[in-house]
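In: with the input below, show me the fold.
(one chain, ligands or ions: 1)
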Amino acid sequence: MTAISIIESRAKEVKLPRWLKECLINQQSEQPEADATLICRAFNFAYQLHEGQTRKSGEPYIAHPIAVASLLRDLGGDSVTIAAGFLHDVVEDTEVTSAEIEEMFGVQVRLLVEGVTKLSKFNFSSTTERQAENFRRMFLAMATDIRVIVVKLADRLHNMRTLDHLKPEKQRRISQETREIFAPLANRLGIGRIKWELEDLCFKYLEPEAYDEIKTLIAERRTDREARIAQVTDTLRSRLQHLKVNVVELTGRPKHLYGIYQKMQRQQKEFSQIYDIAAFRIIVETNEECYRALAVVHDAFKPIPGRFKDYIGLPKPNRYQSLHTTVVGSNGRPIEIQIRTLEMHHIAEYGIAAHWKYKETGASEIEPASSEDQKFTWLRQLLEWQKDLSDAQEYMESVKDNLFEDDVYVFTPDGDVVALAQGATPVDFAYRIHSEIGNHMKGARVNGRWSVLSKPLENGDIVEIVTQKNSHPSLDWLNFVVSPTARNRIRQWYKLSHRDENIARGKELLEKEMGKSGFDSLLKSEPMQIVTQRCNYHSVDDLLAALGYGEITQNHVVNRLRDVVKEQQPVEEVPVEAEAIESSQLQGSVKQQSSCKSPIIGVEGMLYHLAGCCKPLPGESIIGAVTLSSRGISIHSQGCHNVEKVPGERIIPVSWNDDEDGKAFTYPIDIQIEAMDRVGVFKDILARLSDRGINVRNAGVKTHRNKPALISLSLDIRDRQQLEYVFQRISSMSDILNIRRVMNSGER
Ligand code: MN
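Out: Purely as a prediction, here's the structure:
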């Protein structure tokens, strides 16, 4: 078969564009170009594979790859990109594997086809604006080669052009996705040509009435508008010629429909009020001529103040460059004019793809972007010209690397995109979703399979966290998490929840400092209790736990302990007399008076004792009664009925010493509890007291058949506050019926 007959047989089925025919002829010549050969082989392979397949429109399927390849060629794509355009649907729609693509067309074509296939698998329906932004960024990050996205955009553009043949519902869904994801993506890459067409097509399917209205209005004013455009272009052309500015192109045409619609929406205006429906564009040869052309424009028409923008000196983030100005036309209506060089024009139309065109000629003279728009650094980097990179692909890849090295994009099972730092693991992901998810994480499934928690996630992974009520973080996680949030939450959890381990660790630290011998009895000793109170912990265990997670240091504890032991060494014996009945109980605490200040102010240097009838506690109001016996002054609660009998002249004012030292004392208090007679209730009460470091001197239980149990306790209590706390804690138990403090019946 001759080349011509192949072309003819192909052309019978589907209309071949001229460039493709030329390419096919070139391939059959004596010295075929390598590029043409690759492109033609890709076309013929795709043609055979898609043979017999038809599109919804009824035309042969191959028409779609041909259209996509043609778009890529228009954008200036290289032979690899054009070949990928022909082959972009074969892996998805036919039996061919990507390994076979590589074998036949090389690794670059394979990567492009694979990339497009992968991106096609995601369903982008129903995205919010923020989510859409995540998708756009993920897209850029996931494409190993920016050319993948350009192929994807060409694919989407042709699908949008042929959307008429689908059901209205599908038209809307695809248009929505295009408006949210693909048009902004084209804009990001600076490919204005694709962006505008996508936007107008979405407009047509998403707001059909408004679209038709604007289209009709533009058509109605066509004659009028064309006359006006001709008038302006004639004026400008002759003036520019006169001043020897080389004009490459001078055009005036209606702006694209969606742009007009957006302007009407934004400014709340009618169609007739939107003045710059026609946009004029002057394309010249050099930067210098841009400014000369601007002078010509401002000389011919009156410029509107504040409407001039120099995007040549200050390029837009996507590298767009132009001079923009608005002037008043002859009929008094404003005219919008753009002035740029041919190269700037290509960048405006083709964006990142423009690099394909310019890499051979090396014609780039674009200055680096100004440092003013810092917030777009990432995008500026994307589009920064890098002359020293010889190869287009190398350039594209370096761009991609610089831009997205910091982020990895993964999915929740619901399809939400989560951006994480590079190296992030399933644990980082879990804590990003919610701290409770992290704290109860049991395992993670990545892409449906159980994953090691320390394994870094990759772009596009779908991550599912499995939680369990009893699961909790592991200290080991701190060795591999990369996000500060996860790190802090794990530490916090340990502080709050890992009490036993912290206590053990605290014990270990203290034992190292104090020595092994007698350590256990030291922990139970009275000085240890005092240190605990002075450090403001409820129990020795609390203190040890705080030591364990580093809230206090072992040095601090040891020094405090030393102080207390010193205080307890008696300097001199001071005889103290207590009521006979209380003497044994009081001894422990009263002895401390010898080395400390008196706990009661007003009895300094005198003998005194706490009355056994009311047993006052620090925090309660007290008075002293001078007794006639050798027992000295008797300290009562104010309001104790025994005080009423004491003659006024024998009453002296006293009060509790609120100093730190005063708090080192405890006082014996009796309480009585009525409780449901349940097995274990007694033990529970004792547990509640001992875990707050309250010493129980004496305890007894009386039970009667069918009656509540009567529990009597003698406690060492520091002050009124602590006693109230005990009451509160015990009465909150469900089995407790009543709790009261027991006073002795009277004092002689
Ligand atoms: Mn396709």
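
In: the residue in the stretch 151-300 of the chain that the ion sits nearest to: what's it in contact with?
Out: Relative to the ion, the nearest point of the stretch 151-300 of the chain is Asp155 (4.2 Å; Cβ to the ion). C-beta: built from backbone N, CA, C; applies to glycine. Asp155 sits next to 68, 85, 88, 116 when contact means Cβ atoms under 8 Å, 6 or more residues apart in numbering.

In: quick one: list the elements packing against the helix or strand harbouring the second one.
Out: Read that as Gly85. In this assignment (DSSP states H and E), Gly85 forms part of helix 79-87. Judged by 3 or more Cβ pairs under 8 Å, 6 or more residues apart in numbering; DSSP states H and E, helix 79-87 is in contact with helix 34-49, helix 63-74, helix 98-105, helix 107-120, helix 146-161.

In: pLDDT on the shortest one, on average?
Out: For helix 98-105, mean pLDDT is 93.

In: now that helix against helix 34-49, angle please.
Out: 140 degrees (axes from the mean of the first three to the mean of the last three Cα atoms, to 10 degrees).

In: and the angle for helix 98-105 with helix 79-87?
Out: 130 degrees.

In: the last one too?
Out: Computed with the same axes, to 10 degrees, the direction of helix 146-161 lies at 40 degrees from that of helix 79-87.

In: give the rounded mean pLDDT of the helix or strand following helix 146-161.
Out: Moving toward the C-terminus from helix 146-161, the next helix or strand (DSSP H and E) is helix 168-177. Mean per-residue pLDDT for helix 168-177: 89.

In: show me what helix 168-177 is packed against.
Out: So helix 168-177, by 3+ Cβ pairs under 8 Å, 6+ apart, packs with helix 146-161, helix 192-206.

In: and the angle from it to helix 192-206?
Out: Using the same axes, to 10 degrees: helix 168-177 against helix 192-206 is 140 degrees.

In: now helix 168-177: buried residues?
Out: Using 16 or more other Cβ atoms under 10 Å as the burial criterion, the residues of helix 168-177 that qualify are 171-177.

In: picking that back up, what residues does the helix holding Gly85 touch?
Out: 34-36, 38-39, 41-43, 45-46, 65-66, 68-73, 77, 101, 105-106, 108-109, 112-113, 116, 147, 150-151, 154-155, 356.

In: got the buried residues for stretch 36-50?
Out: Neighbour-count burial for stretch 36-50 [16+ other Cβ under 10 Å]: 36, 38-43, 45-47, 49-50.

In: number of nearby residues for Gly332?
Out: 7 (other Cβ atoms under 10 Å).

In: from Val297, how far off is it?
Out: 17 Å (Cβ to Cβ, to the nearest Å).

In: quick check: Glu620 touching Gly639?
Out: No: using Cβ atoms under 8 Å, Glu620 is not in contact with Gly639; the gap is 9.2 Å.

In: and these two? Which one has more around it.
Out: Neighbours per residue (other Cβ under 10 Å) separate Glu620 from Gly639, with Glu620 holding more: 16 against 11.

In: just say helix, strand or coil for the more buried one.
Out: coil (DSSP: H, G, I helix; E, B strand; the rest coil).

In: now do the same contact list for Glu197.
Out: With contact taken as Cβ under 8 Å, 6+ apart, Glu197 is in contact with 157, 160-161, 256.

In: now these: which count as buried?
Out: 157, 160, 256.

In: let me have these in CSV, extended by distance to Arg505 and pLDDT.
Out: Conversion of the buried ones among the contacts of Glu197 to CSV gives the following (distance: Cβ to Cβ, whole Å; pLDDT from 0 to 100):
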residue, distance to Arg505, pLDDT
Leu157, 64, 96
Met160, 64, 96
His256, 69, 85
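
In: name the member of the contacts of Asp155 with the most neighbours.
Out: Gly85 (33 neighbours).

In: give me the neighbour count for Val452.
Out: The burial count assigned to Val452 is 11, neighbours taken as other Cβ under 10 Å.

In: so can I have TSV of the contacts of Glu197 showing distance to the ion?
Out: TSV is the format used below for the contacts of Glu197 (distance: Cβ to the ion, whole Å):
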residue	distance to the ion
Leu157	10
Met160	11
Arg161	12
His256	24
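
In: re the thing from before, tell me how far the residue of the stretch 151-300 of the chain closest to the ion lies from Leu87.
Out: For Asp155, the distance to Leu87 - Cβ to Cβ - is 12 Å.

In: Gly77 too?
Out: 13 Å.

In: more neighbours: the two, which one.
Out: Counted by other Cβ under 10 Å, Gly77 and Leu87 do not tie: Leu87 has more neighbours, with 30 against 24.

In: need the per-residue pLDDT for the more buried one.
Out: At Leu87, the predicted lDDT confidence score is 95.
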